[in-house]
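Asks: Below is the structure, and that's it, no one-letter string:
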Ligand SMILES: Nc1ncnc2c1ncn2[C@@H]1O[C@H](COP(=O)(O)OP(=O)(O)OP(=O)(O)O)[C@@H](O)[C@H]1O
Ligand SMILES: Nc1ncnc2c1ncn2[C@@H]1O[C@H](COP(=O)(O)OP(=O)(O)OP(=O)(O)O)[C@@H](O)[C@H]1O
Ligand SMILES: [Mg+2]
Ligand SMILES: [Mg+2]
């Protein structure tokens, strides 16, 4: 059998496909981060915690109310979004006039609280969440066994990412969002309800994290720590992609998922740091990130 | 000079502290205070928020622990090597990170330090999850036996004071003045002929080196170096200390470090969830008293920054 | 009262307006009136409170008291984003071009609030500099081009009352002339304009009346046709 | 020395992870188990009261060493119990060695604690990496699982577990066909599992711990690794709490080694039910071990008539361990408590009669086989 | 090197993604003169400034300063050679005091700016000179106010003082009068006249009376190209200049 760098091509395809699945999560999360950053100029450190919250809400719905996956897919993002709206209204909105770093610090504190609270009540070993019946089993693709659920994750995230990208870049909304980031007072003076828009955006970005959480629940353990480990990688993804570009966030998310997948085959020991190495290289060559704009 | 007065008071308190408080505890406070002061040099006076300072603190701890334990170097040399390592690392990270500002800078430093974390986890000499344990304290300059608690204590105090004075001097130096100008308006500073990247990098390296000094010293005090020191939570902790005490004040980080360390000790023995309490304090600081304790006091007294 | 003033209804009435930035009290009881179809200027030295008056009308200063009535509706207490929807357009002093938007996005950003605004084509005729620059980042335009863009985007919205804060700052003489022409055209089409100007000579060519501001008060009002007779006063007010 | 209790109170400090990854396998449960032991002796020993304090080391070695130092120096703590996380345990071992206090380890895994890092007053009770390797490695080969592939957490602990187990596998006549090193805290193991799957090995050994183990087991089930029946998962470090978290649907047929299971005999059942009444959960081997070790410790004080560390340690090593946890357990000079270990298979949901009915014990591994001898251990203490 | 041309550009060109902002501009600025650069909005004046100070990299062409080719020199180093600019939108250090703002300028030539081990009191000897400069621009009374609290026009004056602090051989002023009231305009115009005694000034300005009064030589840019050059009287009669820039109102 012919090989590519000593790896059978089929194994390689398998790994690439798996990378794409991971990339789906990166893309969804960095998309949410990018939307929030674009609008509020806040690096939402709590993003990982809210992703975790999404998974937990799904789990709680299932275990306490018997509400299954498909409803959770709708309800959990709504709950997380509502929580985000509350956070924005009560806490974040007080910081807009200050240095953006305070937003980062505030959300960092929030992340600690949310994660800590769940740790306190549910421990860290995590809770099991079953794969929905409809998506059990998998397809034998010849080169690998693809669980149906993973296939669904790729499709769902692609659809959501594209829809969001379209809504933001191809409609007026995106221009409002970007303009309001820069000069909310003036945009207000053009007749746009900026506070509402900011709140809605934060709620939406956070709901995306919640959605990613629900999608992740059946794959990973529903654990209070699931977000904090992921979030730093997603930060790196966002730096590589370059802030201010929705499409950049999405494409980089998928791209890095793929690259990481390859690393796991060729040099697994480095798969944890490959994203950071790429980040360093990108910064050297293009300080603004691959799709970013120098400001 | 209210600043000098405050320094004198601080000095007296610290000289007397080990007779009243548990010396190991005070040493821990001192190490973190120095770490926080080093961090504050960057955020408070150059406007750069590093979210990856654990890399310098913990990196130096590993180097010091390794050189002292495995190579058998005397403690002072071990700490020096740790500091040098952090300064070098600071040079590399700084050169990358200062290409961006603000939040980007924070995220880049965070990501780079995460790289150091994974290296520490995977490299052989760091001992992975176990860390480097049972590091001998040894004899300072071959004479002073550091296994004596008081000898160790006053050594740590001396290291702390050295670091603190360096920072004090830096802030109120011609260099510090340019740093402030750059923080305020970088293009203008450039147009006046300042090569701003060099200044920022210099500040970054200084800060990294001092953080390394703190980390190396801590490795000798606790006789170990572990992943805790390089984790991103450590970077978060130092931000909290500085924020709590007062960003951009000289004494703030010291006060903040003392508070956070006390709190962690106290919480460890209670049933309260530690991260939640720390998180609440974080949020409260950001929302309610951004100037931090020392900053707030200084503002109340109506004076300038101490 | 000057010509025809009484027949036309008051479009905007400001009475006893006080405004604050935090602790500092900036406007101390401003009174003025702009009638339908008029061009009125606010003149005064740096810091007299002209910009603050405009920002008060738009509802974007910290705190304000008194009364601001637009076509009979009270604006104080109204949510800031609703004020422009009544048909008031604002061109800020600092231009407020968005760097994250390109020229076209900047131009089409403010929502159309009334029919009868200018089309993009008409705007390009008015400001040829903007033609073909649609994809340039907004703040990459030259200072003067940014000023044109700031005016242009309001003309698109169909706002019937336009507040222009120092529209000629940083513009080349030819362009200033063009803007004068444009304002006159707008006036013919029935727009009402409140204008802040340092460039007194320019103001004199287009305005119906001039309000003089000093230290947060309106201290005088001079109809344009009585300017010549009042040069003395103007000297003391403006140092011209 | 006779009849002397320092500070007129015996203070037991339960130091463990109360909020992190190891909170479920030890945590407050260990403290409860210790209190049960204290209650059984009436809360008093040699006429002096026994006190239990507990604290969270947050998995940070420096916090752990600091806390234990303070406990001993300022609060007069006489013995430290549990301390999961090998890194923290190694740090605490240094402190207790220096201060000559008893250290009863349950949670930590590394056999270094009775090897190169052994201490005259340190006791390693419930299990260690060597016992796990022997149990799972040798026993499974004997059960027919000949060819192995390791999924290893890429750090010292994982490497050690892999090397130890591989050695046992080979010793028992099996073979190792490959291994892949996954970084710690990997969120997605699918690539590695794919490699394991295509290796064709009969047994996939999970040389990892905590969250990594849980995630890898869960995803193995998702990718249908075990359903085919050709491959078997062997968890090298798995606790009852992990299986509980995973659920039987996912964990079924997993093979693992444990030092304790509640449903093995009446004595264990009775104690465990009492424990469950207090905590709502069945005990893990760590929690049961905490109970057992404190029980033994108190007995030794009684016998020695003092709570002086080295004296009590010597006494403890003299006496056999006999309680619901261990029968005829003996303690080696290096502090290793030698007792039987068990190879268990996780039941299928259909086999389980209800909550906590998780394991089927398929083999008993005699203590002498499971644990290293004093000579093998590498401990430099006088034996 | 005492040639009478201090700054020269040859075929300077700047292209932004297909849009040519500056095309083949050759300037010669005479030592000791006040040279005005005027032109309609978007003509490329600020871009030329950015090119001269290297805030932008030219697409084509060369820049010579005192006969030396500085086309490849970095911005901070251009400043070190003695070309200091002011910005079209005022640029001060907002939270430093007015005095400290000027000192930032005075400090650089001391060469101690990296000395983190020295006390900042070594800078106190600059205070006298700083106050003189503030006196010149009428800001002495505000010396200890944070720069942020100055009204706009005064910030511009402060910027000029900071610029002068470096004793630049050549000053580039981008619309120094924009946004100033009448009195301030007169003061700054007088100041510019005064400081021009021993240095060269290149200035962009739309206020034609200022240009007419101050400048020795004028270059008119339009659409990135040089349209005309000469003294004011001559340039202002140029029909193309009138059409492109001055309009009918100015004679
Ligand atoms: N954000 C602010 N905070 C505090 N004070 C302010 C603020 N903005 C303006 N002021 C003060 O309010 C007063 C009036 O300012 P305003 O901008 O209305 O003046 P103006 O007449 O428009 O002047 P100019 O001709 O310079 O534009 C000034 O004294 C100014 O210093
Ligand atoms: N970075 C850039 N990207 C694209 N176009 C640019 C950029 N910078 C400047 N331009 C364009 O180059 C032209 C010249 O701009 P410049 O700022 O030099 O004009 P100016 O002569 O200073 O005008 P003003 O008097 O209005 O300030 C303008 O049309 C502007 O839009
Ligand atoms: Mg104004
Ligand atoms: Mg310009």
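Replies: Yep, that arrived. Computed from a predicted model, the values in this text were never measured in an experiment. Ligands and ions are numbered 1, 2, ... in the order given.
Asks: residues near residue 266, how many?
Replies: Looking at chain A here, since you left the chain open. Other residues within reach of residue A:266, judged by other C-beta atoms under 10 Å in any protein chain shown, total 14. In short, each C-beta sits where N, CA and C put it, glycine included.
Asks: looking at chain D here, not the other one
Replies: Using other C-beta under 10 Å, residue D:266 is surrounded by 8 other residues.
Asks: Repeat that for residue B:3.
Replies: 14.
Asks: For residue 93, which residues are in contact?
Replies: Assuming you mean chain A. Residue A:93 sits next to A:195, A:198, A:199 when contact means C-beta atoms under 8 Å, 6 or more residues apart in numbering or on different chains.
Asks: wrong one, I was asking about chain C
Replies: Shown in contact with residue C:93 (C-beta under 8 Å, 6+ apart): C:51, C:165, C:166, C:169, C:196.
Asks: filter those down to the ones close to ligand 1.
Replies: Filtering the contacts of residue C:93 for neighbours of ligand 1 using C-beta under 6 Å from any ligand atom leaves residue C:51.
Asks: With distance to residue B:45 and secondary structure as added columns, please give the contacts of residue C:93 in JSON lines.
Replies: Shown next, in JSON lines, are the contacts of residue C:93 (distance: C-beta to C-beta, whole Å; DSSP: H, G, I helix; E, B strand; the rest coil):
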{"residue": "C:51", "distance to residue B:45": "35", "secondary structure": "helix"}
{"residue": "C:165", "distance to residue B:45": "37", "secondary structure": "strand"}
{"residue": "C:166", "distance to residue B:45": "38", "secondary structure": "coil"}
{"residue": "C:169", "distance to residue B:45": "36", "secondary structure": "coil"}
{"residue": "C:196", "distance to residue B:45": "40", "secondary structure": "strand"}
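Asks: neighbour-wise, which of the contacts of residue C:93 leads?
Replies: residue C:196 (24 neighbours).
Asks: helix/strand/coil for the residue of chain C found nearest chain D?
Replies: Minimum separation of chain C from chain D (C-beta to the nearest C-beta) falls at residue C:100, amounting to 33.3 Å. Under DSSP: H, G, I helix; E, B strand; the rest coil, residue C:100 falls in the coil class.
Asks: I'd like the contacts of residue C:93 written out as a markdown table, with pLDDT and distance to chain A added.
Replies: What follows is the contacts of residue C:93, written out as a markdown table (pLDDT from 0 to 100; distance: C-beta to the nearest C-beta, whole Å):
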| residue | pLDDT | distance to chain A |
| --- | --- | --- |
| C:51 | 88 | 13 |
| C:165 | 90 | 11 |
| C:166 | 87 | 15 |
| C:169 | 78 | 17 |
| C:196 | 91 | 15 |
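Asks: right, and residue A:15 touches residue D:198 too?
Replies: No. Applying C-beta atoms under 8 Å as the test, residue A:15 and residue D:198 come out as separate, 10.8 Å apart.
Asks: quick one, which of those two is more surrounded?
Replies: The residue with more neighbours, out of residue A:15 and residue D:198, is residue A:15; 25 against 16, by other C-beta under 10 Å.
Asks: Am I right that the more buried one is in a strand?
Replies: No. In this structure, residue A:15 is helix, not part of a strand, as judged by three-state DSSP.
Asks: contacting residues around it?
Replies: Residue A:15 neighbours (C-beta under 8 Å, 6+ apart): A:261, A:262, A:264, A:265, D:191, D:194.
Asks: what's the answer for residue D:252, then?
Replies: Neighbours of residue D:252 in contact, by C-beta under 8 Å, 6+ apart: D:226, D:346, D:347, D:348, D:349.
Asks: likewise residue E:63?
Replies: E:7, E:8, E:9, E:10, E:12, E:51, E:52, E:69, E:70, E:71.
Asks: redo that, cut-off 6 Å
Replies: Residues counted as contacts of residue E:63 (C-beta atoms under 6 Å, 6 or more residues apart in numbering or on different chains) are E:9, E:70, E:71.
Asks: Ignoring the adjacent residues along the chain, who's closest to residue C:148?
Replies: For residue C:148, ignoring the flanking residues on the chain, the nearest one in space by C-beta to C-beta, 6 or more residues apart in numbering or on different chains is residue C:127 at 4.2 Å.
Asks: what does residue E:130 give?
Replies: residue E:102 (4.3 Å).
Asks: Same check on residue D:382?
Replies: Using C-beta to C-beta, 6+ apart, the nearest residue to residue D:382 is residue D:333, at 7.0 Å.
Asks: From ligand 1, how far out is that neighbour?
Replies: Separation of residue D:333 from ligand 1 (C-beta to the nearest ligand atom, to the nearest Å): 78 Å.
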